[in-house]
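Chemist: What follows is a predicted protein model with its sequence.
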Amino acid sequence: MKPKILVITPPHINIAEPFKTELEKHGFDVTVVDSSPLQSRSPYTEEFALVVYLWQNDQHKTGDAVNCSHPFDAAFFSPHRAFPGSIQLFQNGVYRLGADIDKFVDTVKELYWEHHASCQREQSKRSGDPDPGLYRASSAGQPATSIKRPATSNERPDLIGQSPQIKDVRRLANQLSQKSNLTVLITGPTGAGKEVVARLLHRFSPRADGLFIAVNCGAIPKDLFESLFFGYRKGAFTGATADHPGYIGQAQGGTLFLDEISTLTLEQQVKLLRFLQDRRYTPVGGTKEQPCDVTIVAATNEDLKTLVAEGRLREDLYHRLNVFEIILPPLRERGGDILLLAEHFLRTCPHGRGAQPKKLARKSRTLLLQYHYPGNVRELQNIIEKAIIAAGPSTIIRPEHLPLQLAEALGHGAGHKKIKTLREMEREHILTVYKNCGCKIKETARQLDIARNTLRERLEEYGIRL
């Protein structure tokens, strides 16, 4: 039985056909209607697994006066309940798609499967399952459909890598995701994937049905901190024409992700500290404290101990935040993960969709492994996207397709000479001896005068599969 999807479009505007075609290719039974005969409580919604409002201009309104300006926008609704928050919806329920049909299809599939997983968790709770937090895929748990399920916690490509450091991060994240009402601190350099880990914690936690609210602390104006963070009551100040829940209220029952936590002022830190201590808050203009059941995940690229020593971070706040810490390494220390990530970006880059898959030439792979990536995973993603465009119709990405700064940083550009670091020299020496010894662990370890386990760890870091 195929899951049924209802797609509603503006009257007399035929924009749904390409979306309908793609959804049907992926195993959905799609019905398209225009919105003119529909009422706010339409009988249509009772028989569909998912309802999608789709429109093309910012004049059309559906539901609660939703306005958008992208070529194709969509609002997703469940007939029976709100969808989980791992697909982060806009406050008004709108997912902005641009003209990317693939993204539209992926979103529908994600929401459909997460809705199914949510129903499974509820069924487990009713049947007395002591650990309903994670959706376990089984023959009994699969809906009767040919739609491919997004990968589970052990399969999803979100946190890509097989280096020892990433395996440790993944293991700790899986352990923490089983807990609730936690405070977790994620540290690591810019672009290393801190938000990816935060979303992983949320997605496989008992709070997966709640929203994942991401807040950039560095972008919060000083004067608006309380109203944005704690919300406000109608009439609290000029322009407060209605109650607003604030970030905390929106994250109720879910996860609140505080990125760049170190950018908060000392005054803001005091207000946050009180909330972290009691998990209670008072909206601006309110008179009663409200409890909040939420997981707090904070992230920073700075050394918080140094900030405490410099007086820029309250010590009591540091201890409140650092209950559980997940440390993300820089990409340059993750060895073979670089190529795994590069191959992932080659498959998923929007510029490469619909074309013949591209592969990395051997010299390109070598260059990528040697580069130091000051921008970490985010920089690698940008490098691959630029290379895909530069390669044009070619299916092989050669060194000349890679950005110029890559070759220049490695000393391959004209007039450049790069001094190798001690780590790079060690890597080169170990790989040379390993090759000369016929790739034999025992003989290589003997010649290098190191333990065999140490050698195996080094080779794994270098992306050598044993």
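Modeler: Received it, and whenever you're ready, just let me know what you need. Residues are numbered from 1 along each chain as shown.
Chemist: so who does residue 24 touch?
Modeler: Applying Cβ atoms under 8 Å, 6 or more residues apart in numbering, one finds that residue 24 lies in contact with residue 30. For every residue, glycine as well, the C-beta is placed using N, CA and C.
Chemist: Kindly indicate whether it is helix, strand or coil.
Modeler: helix (DSSP: H, G, I helix; E, B strand; the rest coil).
Chemist: quick one: buried residues of the strand or helix carrying residue 276?
Modeler: In this assignment (DSSP states H and E), residue 276 forms part of helix 266-278. For helix 266-278, a neighbour-count test (16 or more other Cβ atoms under 10 Å) marks 268-269, 272-273, 275 as buried.
Chemist: So for it, mean pLDDT?
Modeler: Averaging pLDDT along helix 266-278 yields 91.
Chemist: just checking, what packs against it?
Modeler: With contacts taken as 3 or more Cβ pairs under 8 Å, 6 or more residues apart in numbering; DSSP states H and E, helix 266-278 sits against helix 225-230, helix 315-321.
Chemist: can you list those helices in CSV and add mean neighbour count and mean pLDDT?
Modeler: Putting the helices and strands packed on helix 266-278 into CSV (neighbours: other Cβ atoms under 10 Å; pLDDT from 0 to 100) gives the following:
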stretch, mean neighbour count, mean pLDDT
helix 225-230, 20, 90
helix 315-321, 18, 94
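Chemist: which stretch among those helices comes nearest residue 282?
Modeler: When those are compared for distance to residue 282 using Cβ to Cβ, the nearest one is helix 225-230, at 6.7 Å.
Chemist: hmm, who's touching the closest one?
Modeler: 215, 220, 236-237, 240, 244, 246-249, 268, 271-272, 275, 281-284.
Chemist: at 10 Å what do you get?
Modeler: Contact partners of helix 225-230, identified using Cβ atoms under 10 Å, 6 or more residues apart in numbering, comprise 215, 217, 219-221, 232, 236-237, 240, 244-249, 256, 258, 264-265, 267-268, 271-272, 275, 281-286, 290, 292.
Chemist: Just the residues you listed: which are in helices?
Modeler: 246-249, 267-268, 271-272, 275 (DSSP state H).
Chemist: The residues you listed: which two are farthest apart?
Modeler: Of all pairs drawn from the ones in helices among the contacts of helix 225-230, the greatest distance, 21.5 Å, lies between 249 and 267 (Cβ to Cβ).
Chemist: quick one on the thing from earlier: dump the helices and strands packed on helix 266-278 into a markdown table; add distance to residue 449 as well.
Modeler: Output for those, formatted as a markdown table (distance: least, Cβ to Cβ, whole Å):
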| stretch | distance to residue 449 |
| --- | --- |
| helix 225-230 | 57 |
| helix 315-321 | 43 |
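Chemist: Confidence-wise, which helix or strand of the chain is lowest on average?
Modeler: Lowest on mean pLDDT, DSSP states H and E among the helices and strands of the chain sits strand 94-98, with a mean of 46.
Chemist: so residue 296 touches residue 180, yeah?
Modeler: No: with contact taken as Cβ atoms under 10 Å, residue 296 and residue 180 are classed as non-touching, separated by 11.4 Å.
Chemist: who has more neighbours, the two?
Modeler: residue 296 (24 against 13; other Cβ atoms under 10 Å).
Chemist: residues in contact with the more buried one?
Modeler: 181-185, 248, 251, 255-258, 261, 272, 275-276, 279, 320-321, 323.
Chemist: how about a cut-off of 8 Å?
Modeler: Residue 296 touches 182-184, 255-256, 258, 276, 321, counting by Cβ under 8 Å, 6+ apart.
Chemist: Helices of the stretch 101-250 of the chain, residue ranges please.
Modeler: For the stretch 101-250 of the chain, the helices defined by DSSP state H, counting those that start in this stretch occupy 101-126, 164-176, 194-203, 225-230, 246-250.
Chemist: now for the shortest one, which elements pack on it?
Modeler: When contacts are defined as 3+ Cβ pairs under 8 Å, 6+ apart, helix 246-250 packs onto strand 212-216, helix 225-230.
Chemist: Pull out the buried residues from the shortest one.
Modeler: Going back to what we said before, that points to strand 212-216. Neighbour-count burial for strand 212-216 flags 212-215 (criterion: 16+ other Cβ under 10 Å).
Chemist: Tell me how many other residues crowd residue 366.
Modeler: 13.
Chemist: ugh, wrong one, residue 8
Modeler: If you count neighbours by other Cβ under 10 Å, residue 8 ends up with 24.
Chemist: Which helix or strand contains it?
Modeler: strand 4-9.
Chemist: Dump that strand to CSV, restricted to CA.
Modeler: Provided in CSV are the C-alpha atoms of strand 4-9 (Å, rounded to 0.1, in the frame of the first residue of the first chain):
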residue,chain,number,x,y,z
LYS,A,4,-1.0,8.9,0.2
ILE,A,5,0.1,12.5,-0.2
LEU,A,6,-2.2,15.4,-0.8
VAL,A,7,-0.7,18.4,-2.6
ILE,A,8,-2.7,21.6,-2.5
THR,A,9,-1.9,24.4,-5.0
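Chemist: how about that strand: buried residues?
Modeler: Across strand 4-9, burial judged by 16+ other Cβ under 10 Å covers 5-9.
Chemist: Which strand residues bridge residue 52?
Modeler: Beta-bridge pairing of residue 52 under DSSP bridges involves residue 7, residue 76.
Chemist: Check which residues of stretch 317-336 are buried.
Modeler: In stretch 317-336, counting by 16+ other Cβ under 10 Å, buried: 317-318, 320-321, 324, 326, 328-332, 334-336.
Chemist: Dump these into CSV; add secondary structure and distance to residue 23 as well.
Modeler: Formatted as CSV, the buried residues of stretch 317-336 follow (DSSP: H, G, I helix; E, B strand; the rest coil; distance: Cβ to Cβ, whole Å):
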residue, secondary structure, distance to residue 23
317, helix, 47
318, helix, 49
320, helix, 46
321, helix, 43
324, strand, 40
326, strand, 37
328, coil, 36
329, coil, 40
330, coil, 41
331, helix, 36
332, helix, 42
334, coil, 37
335, coil, 40
336, coil, 37
